[in-house]
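Student: Return atomic coordinates for the entry below.
(one chain, ligands or ions: 1)
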Amino acid sequence: MKPFLFSGIQPSGEIHIGNYLGAIRNWVKLLDEYDPLFCIVDYHALTQPYDRDLLAQRTFDAALVNIAAGLDPERCRLFVQSHVPAHTELAWVFNTVTPMGDLSRMTQFKEKSQRAESESYINAGLFTYPVLQASDILLYKAQAVPVGEDQIQHIELTREIARKFNARYGETFPEPKQIVPKEGARILGLDGKAKMSKSLNNYVGLLEDSKSVWKKLGPAVTDPARVKRTDPGTPEICNIYSLHKSFSPPEDQQHVAEGCRTAGIGCVDCKKILHKNMMGVLEPIQEKAAALRAQPERVEEVLDRGARDCADLAERTMEEVRDRIGLRARR
Ligand code: TYM
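Tutor: This is a model prediction of the structure:
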């Protein structure tokens, strides 16, 4: 039996190239090495302001895009978090072994609460978000968690929660390791400042067409030293170059790096080459997404099967947990 691998994505907006490079592309590479479980984490998405009327559709779309991007349903299980209620049940138990101090040190919590428009948006769910995430992973005793760099701290806390539970109740959960890609673990937004993110509107969506992507790449920030076309630049500090590293073949990377350093090419030329290579990756995904869109029942089937299988797996762990913590069994 292969060990379980678990990862999740929030249905909080369009899936973007940061999610693809930092997570999904890596997930696809790991399909055969592990027994992989992928989850659309809709309960997590409630922790920030969201449009209630769009949540169900976004959850479906997130599943569809992930399948189109390479999550072959024959080789993994894909499901919706709220379809397996044990996730929130275990999270409650974990709440009782997680120190508040650990949660208050979480960078994502600090960032999200700083950005919140008002105090009332800083809800308890946002605070205990990583506890639910730990429960997602440990419910299946998953050993590998492929994520982008921003999630490493949450996986460290997951290990801490496993240790705390094991210390109090006896060895139950393995400590999972994160798997972070060498290239693409932290994709910056097109503003070149903050991490690319659904909520900052600095992203390129996986399903955006060629025209729309070009419209976004046009004004995207490059090396500020290149004010004029004739000014040489430093590719290593340019965000467009870092995207070349994820999308372009080595010969194009070399060509643009050389051209940038010598002012042999301008930033627009460099962006045109990136645009071509990026669309070369996105277009096949978009074609598969369009085909799936025409057969929504295929996506529904995948999600049904995923929820059924995962509910069975989850129940096994919950029986063990209830026993360990000393709950009275129902007659
Ligand atoms: P979410 O939905 O923000 O992102 C999904 C995955 O995409 C990665 N990612 C990025 N990688 C590189 N550059 C970026 N700019 C970028 N933005 C996002 C994330 O690291 C993530 O791997 N808390 C998680 C969801 C979650 C989860 C889990 C993940 C819930 N339970 C259990 C793993 C295991 C999140 O908000 O991901």
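
Student: mind checking pLDDT for Ile285?
Tutor: Per-residue pLDDT puts Ile285 at 98.

Student: Quick one: residues contacting Asp72.
Tutor: If you count contacts by C-beta atoms under 8 Å, 6 or more residues apart in numbering, Asp72 has them with 28, 31. Using the backbone N, CA and C atoms, a C-beta is placed for each residue, glycine as well.

Student: Any residues of the chain in contact with the ligand? List them.
Tutor: 6-10, 18-19, 21-23, 41, 44, 133, 136-137, 145, 147-148, 150-151, 154, 185-187, 195-197 (C-beta under 6 Å from any ligand atom).

Student: Arg226 - that's part of a strand, no?
Tutor: No - read with DSSP: H, G, I helix; E, B strand; the rest coil, Arg226 is coil and lies in no strand.

Student: wait, is Leu5 part of a helix?
Tutor: No - remark: Leu5 does not belong to a helix; assigned using three-state DSSP, it is strand.

Student: residues contacting the residue nearest to Cys238 when sequence neighbours are not counted?
Tutor: Among residues not flanking Cys238 along the chain, Asp223 sits closest, at 4.3 Å (C-beta to C-beta, 6 or more residues apart in numbering). Neighbouring residues of Asp223 by C-beta under 8 Å, 6+ apart: 233-235, 237-238, 260, 267.

Student: Try it again at 6 Å.
Tutor: Taking C-beta atoms under 6 Å, 6 or more residues apart in numbering, we find Asp223 in contact with 233-234, 237-238.

Student: Which of those residues are buried, as a PyMOL select command?
Tutor: If you want just the buried ones from the contacts of Asp223 in PyMOL, going by 16 or more other C-beta atoms under 10 Å, the selection is:
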select buried, resi 233+238
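
Student: Spatially, which two of the contacts of Asp223 are the most separated?
Tutor: Within these, Gly233 and Ile237 form the most distant pair, 8.1 Å apart (C-beta to C-beta).

Student: now, which of the residues of the chain next to the ligand lie within helices?
Tutor: Secondary structure from DSSP state H places 18-19, 44, 133, 136-137, 154 of those in helices.

Student: for these, which one is nearest the ligand?
Tutor: Gly18 (2.9 Å; C-beta to the nearest ligand atom).

Student: how about the strands in the stretch 101-250 of the chain?
Tutor: Remark: strands assigned in the stretch 101-250 of the chain by DSSP state E, counting those that start in this stretch are 144-146, 177-179.

Student: Could you say which of the ones you listed is packed most deeply?
Tutor: Greatest average neighbour count among the strands of the stretch 101-250 of the chain goes to strand 144-146 (a mean of 23), per mean count of other C-beta atoms under 10 Å.

Student: contacting residues around it?
Tutor: 5-7, 26-27, 30, 34, 137, 155, 176-179.

Student: any idea of the mean pLDDT for it?
Tutor: For strand 144-146, mean pLDDT rounds to 98.

Student: Can you give me the domain assignment for the protein?
Tutor: By the assignment in automatic domain parsing, the chain contains the domains 4-186+296-325, 210-289.

Student: what's the first-to-last distance across the shortest one?
Tutor: Read it as domain 210-289. 15 Å (C-alpha to C-alpha, to the nearest Å).

Student: ok, now the first one?
Tutor: In domain 4-186+296-325, first residue to last residue: 24 Å (C-alpha to C-alpha).

Student: got it, and stretch 242-257?
Tutor: End-to-end for stretch 242-257, by C-alpha to C-alpha: 10 Å.

Student: of all of the stretch 101-250 of the chain, which residue lies closest to the ligand?
Tutor: For the stretch 101-250 of the chain, C-beta to the nearest ligand atom, closest residue to the ligand: Gly148, 2.5 Å.

Student: What is the least confident helix or strand in the chain?
Tutor: helix 107-115 (a mean of 93; mean pLDDT, DSSP states H and E).

Student: From the chain's centroid, how far away is that helix?
Tutor: When distances are taken as C-alpha atoms, centre = their mean, to the nearest Å, helix 107-115 is centred 17 Å away from the chain's centroid.

Student: Pull out the buried residues from that helix.
Tutor: Neighbour-count burial for helix 107-115 flags 109, 112-113 (criterion: 16+ other C-beta under 10 Å).

Student: What of stretch 123-135?
Tutor: Those would be 126-135, for stretch 123-135 by 16+ other C-beta under 10 Å.

Student: on that earlier part again, taking the ones in helices among the residues of the chain next to the ligand together, which two end up most distant?
Tutor: Gly18 and Ile137 (21.1 Å).

Student: Looking at those two, which is more packed in?
Tutor: Using other C-beta atoms under 10 Å, the more surrounded residue of Gly18 and Ile137 is Ile137, with 30 against 25.

Student: looking at it, Asp126 is touching Thr47, isn't it?
Tutor: One thing to correct before we go on: residue 126 is Leu, not Asp. Yes - taking C-beta atoms under 6 Å as the definition, Leu126 is a contact partner of Thr47 at 4.4 Å.
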